[in-house]
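Undergrad: sequence? don't have it. structure:
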């Protein structure tokens with residue numbers, strides 16, 4: 001009796017072995033582990049408000065993965081695709097994902113095709129190797145705040161099932177990218193305007209003018225800036241619009257008047273004037289300078305008058 005019972009129990013235990021089941025999922029093949037794509041981006045991108053949503057702001061060079069990344073997947077239901085840095089699922093049915101910086105999204109490309117969110121690809125029951133370079137597109141999705149930035153982890157590749165998966169590679173930004181306000185730089189900080197030689201007889205009395213000459217303030221701009229320019233002087237002539245008293249020289253009874261681009265209207269010292277949205281590249285702001293009789297008589301000699309200009313942005 002006891003022998004028969006022992007044999008029956010052995011047969012029962014042996015009968016369990018052939019029915020062993022393997023759960024679906026993916027695992028690294030030794031000695032590989034999670035790889036890293038370290039993608040370089042510019043340190044700054046000008047935040048041009050005129051660029052419409054949907055426009056590509058930057059496309060990276062193809063970037064290879066670091067390390068040896070090989071893994072195997074068992075069974076069915078093994079997906080592969082992009083997830084967020086937190087490993088949360090990304091929006092489905094799209095290849096454009098949020099970066100975490102408002103107004104900026106990204107796409108990931110391998111072998112000329114955009115990668116979608118997990119579980120974009122069915123890995124099945126086989127081995128895989130992560131080795132294709134990635135290209136990153138940064139896309140404008142809405143208004144971007146000046147001074148906002150991107151850095152750190154951008155996305156991850158997930159392989160396996162929701163309950164049994166690996167992160168076979170991460171996509172990191174190699175440096176910090178900051179979105180800067182559109183701006184201009186002065187191409188010539190010191191502008192010398194040489195007025196023509198005139199005689200005292202050229203003037204007809206107080207408030208008469210002579211020797212008008214155009215000049216330009218040269219700028220190099222990023223598109224989309226709304227620039228304002230302010231002209232000022234330490235030696236304005238009271239009651240005479242746009243007129244600068246000489247800072248040196250031997251002439252008398254005369255100053256220098258500045259006019260705006262119309263060649264007619266005197267500038268207002270200390271008052272910012274909007275010159276509008278800038279192009280992407282060179283911009284010239286046009287003015288005129290001329291002699292202006294301030295006294296009842298004009299005496300011969302040279303004169304020097306000085307003004308300053310300041311740029312500001314909206």
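TA: Structure received. A quick note: this is a predicted structure, and the numbers were derived from the prediction, not measured.
Undergrad: So residue 249 sits against residue 302, correct?
TA: Yes - with contact taken as C-beta atoms under 8 Å, residue 249 and residue 302 are classed as touching, separated by 4.4 Å. For the C-beta atoms, the positions are set from N, CA and C on the backbone; glycine is no exception.
Undergrad: Domain ranges for the chain, per the record?
TA: The chain is divided into the following domains under automatic domain parsing: 23-180, 184-313.
Undergrad: In the chain, which residue is most central in space?
TA: What sits nearest the mean C-alpha location of the chain, by C-alpha atoms, centre = their mean, is residue 45, with 1.9 Å.
Undergrad: is that one in a bridge, and if so with what?
TA: Beta-bridge partners of residue 45, counted by DSSP bridges, are residue 179.
Undergrad: mind listing what it touches?
TA: Listed by C-beta atoms under 8 Å, 6 or more residues apart in numbering, the contact partners of residue 45 are 57, 58, 138, 177, 178, 179, 180.
Undergrad: which of those residues lies closest to residue 37?
TA: Comparing the contacts of residue 45 against residue 37 with C-beta to C-beta picks out residue 138 as the nearest, at 14.8 Å.
Undergrad: Report the separation between that closest one and residue 47.
TA: Residue 138 sits 12 Å away from residue 47, going by C-beta to C-beta, to the nearest Å.
Undergrad: Who are the contact partners of the residue nearest to residue 279 when sequence neighbours are not counted?
TA: Excluding the flanking residues, the one nearest residue 279 by C-beta to C-beta, 6 or more residues apart in numbering is residue 223, at 5.8 Å. In this structure, residue 223 makes contact with 46, 48, 50, 182, 277, 278, 279, 280, judged by C-beta under 8 Å, 6+ apart.
Undergrad: All the helices of this protein, in order from the start?
TA: According to DSSP state H, the chain carries its helices in the segments 2-14.
Undergrad: how far is stretch 91-99 from where the chain is centred?
TA: Put simply, stretch 91-99 sits 21 Å off its chain's centre (C-alpha atoms, centre = their mean, to the nearest Å).
Undergrad: repeat for stretch 135-148
TA: Taking C-alpha atoms, centre = their mean, one finds the center of stretch 135-148 at 7 Å from the center of the full chain.
Undergrad: do the same with stretch 112-121
TA: Distance of stretch 112-121 from the chain centroid (C-alpha atoms, centre = their mean) equals 26 Å.
Undergrad: Quick one: end-to-end length of it, please.
TA: With C-alpha to C-alpha, to the nearest Å applied, stretch 112-121 spans 16 Å between its terminal residues.
Undergrad: what's the answer for stretch 27-35, then?
TA: Between the opening and closing residues of stretch 27-35 we find a distance of 14 Å, counting by C-alpha to C-alpha.
Undergrad: quick one: contacts of it?
TA: Residues contacting stretch 27-35 (C-beta under 8 Å, 6+ apart): 65-72, 127, 130, 160, 166-170.
Undergrad: remind me which residues of the stretch 1-150 of the chain are low pLDDT?
TA: Where the stretch 1-150 of the chain drops to pLDDT under 70, the residues are 1-22.
Undergrad: Pull out the buried residues from the contacts of residue 223.
TA: Neighbour-count burial (16 or more other C-beta atoms under 10 Å) is assigned, among these, to 46, 48, 182, 277, 278.
Undergrad: ok, which pair from those is furthest apart?
TA: Maximum pairwise distance among the buried ones among the contacts of residue 223 (C-beta to C-beta): 12.9 Å, between 46 and 277.
Undergrad: Spit out the contact partners of residue 82.
TA: Residues near residue 82 by C-beta under 8 Å, 6+ apart: 90, 97, 108, 115, 116, 117, 118, 120, 155, 156, 157, 158.
Undergrad: Would you map the strands across the stretch 151-300 of the chain?
TA: In the stretch 151-300 of the chain, strands defined by DSSP state E, counting those that start in this stretch lie at 153-160, 165-173, 177-180, 184-186, 209-221, 226-232, 243-244, 248-249, 254-259, 273-277, 281-293, listed in chain order.
Undergrad: Quick one: closest of those to residue 103.
TA: Relative to residue 103, the nearest member of the strands of the stretch 151-300 of the chain by C-beta to C-beta is strand 177-180, separated by 8.4 Å.
Undergrad: Determine the set of other helices and strands touching the closest one.
TA: For strand 177-180, the helices and strands in contact under the criterion 3 or more C-beta pairs under 8 Å, 6 or more residues apart in numbering; DSSP states H and E are strand 44-46, strand 149-150.
Undergrad: Residues contacting it, please?
TA: Residues external to strand 177-180 that are found in contact with it (C-beta under 8 Å, 6+ apart): 41-47, 58, 101, 104, 138, 144-151.
Undergrad: which of the residues you listed count as buried?
TA: A residue is treated as buried here by neighbour count (16+ other C-beta under 10 Å); on that basis the buried members of these are 41, 45, 46, 47, 101, 104, 138, 144, 148, 150.
Undergrad: ok, these vs residue 234, which is closest?
TA: If you rank the buried ones among the contacts of strand 177-180 by distance to residue 234 using C-beta to C-beta, residue 46 comes first, at 34.2 Å.
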